[in-house]
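Asker: Below is the sequence, then the predicted model.
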Amino acid sequence: MIFLRQNRSLLRDALFLTGVHLFLHAVSLAFSAFLTRRLGAGGMGLWQLITSVGGFAMTLATAGVRTASAFLCAEELGRGRSGGVRSAVEHCARYGLTLCLFSGAVLFFLSDHVAEAALHAPEAAGALRILALFLPAGCLCSILSGCFTACGKIRRLAVIEIAEELGSLLFVLLLLPARQTRNAAQSCLA
């Protein structure tokens, strides 16, 4: 069961999350500088185009699911039904995964067209398909983020966000050396 802490300080939690997000943005900036050196200007431009399309697909896939999760979990806790938090998260997961499957399918099956018509880089279609496959994971992270925020589990949320960010960066670092190629599209795919 999830219980709301009675001695919770909203200001302290807000400052803590602000610090965590500043740290994550600094890590992201350093990683972008690394990618720029590794991929070159052309590869980084292609990477930005791919992530822009992926970000749009993620926005469609998670349309309001974090807010809905936070609201429904807070409502259940406010009514003294801590057991209802699980039900709220399950309903949000069904809603979010339905959106993700639709959005991911659209991106996956139209990736060739989007890569050619919008990005003018047909070789980016493979990277778009990979992004489409990871949409459900992003959706579930958004749902849990909303739940942890509503339940006052800010430290747990921060640990998960840091682990998610660092894990994905380490994964990319492991994959990039495996592709010793000058082709920007293959590096972006890695």
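Answerer: Cool, got the structure.
Asker: Name the helix or strand for the most centrally placed residue in the chain, please.
Answerer: When the chain is reduced to its mean C-alpha position, the nearest residue by Cα atoms, centre = their mean turns out to be Gly138, at 4.2 Å. If you go by DSSP states H and E, Gly138 is part of helix 135-150.
Asker: can you dump the C-alpha coordinates of that helix into PDB?
Answerer: The C-alpha atoms that make up helix 135-150 are tabulated as PDB, following Å, rounded to 0.1, in the frame of the first residue of the first chain:
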ATOM      1  CA  LEU A 135       6.900   4.300 -26.700                       C
ATOM      2  CA  PRO A 136       5.100   1.900 -24.200                       C
ATOM      3  CA  ALA A 137       8.100   2.100 -21.800                       C
ATOM      4  CA  GLY A 138       8.000   5.900 -21.900                       C
ATOM      5  CA  CYS A 139       4.300   5.800 -21.300                       C
ATOM      6  CA  LEU A 140       4.600   3.500 -18.200                       C
ATOM      7  CA  CYS A 141       7.400   5.800 -16.900                       C
ATOM      8  CA  SER A 142       5.000   8.800 -17.200                       C
ATOM      9  CA  ILE A 143       2.200   6.900 -15.300                       C
ATOM     10  CA  LEU A 144       4.500   5.900 -12.500                       C
ATOM     11  CA  SER A 145       6.000   9.400 -12.300                       C
ATOM     12  CA  GLY A 146       2.500  10.800 -11.800                       C
ATOM     13  CA  CYS A 147       1.700   8.200  -9.200                       C
ATOM     14  CA  PHE A 148       4.900   8.800  -7.300                       C
ATOM     15  CA  THR A 149       4.400  12.500  -7.400                       C
ATOM     16  CA  ALA A 150       0.800  12.200  -6.000                       C
END
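Asker: Can you name the element that comes right after that helix?
Answerer: Using DSSP H and E, the helix or strand that follows helix 135-150 towards the C-terminus is helix 154-178.
Asker: That next one - what's its average pLDDT?
Answerer: In this model, helix 154-178 has a mean pLDDT of 84.
Asker: same check, this time on stretch 92-100
Answerer: Taken as a whole, stretch 92-100 has a mean pLDDT of 92.
Asker: so where's the protein shaky on pLDDT?
Answerer: For the chain, the stretches with pLDDT under 70 are 1-8, 177-182.
Asker: Go through it and flag its longest helix.
Answerer: When secondary structure is assigned using DSSP state H, the longest helix within the chain turns out to be helix 10-61.
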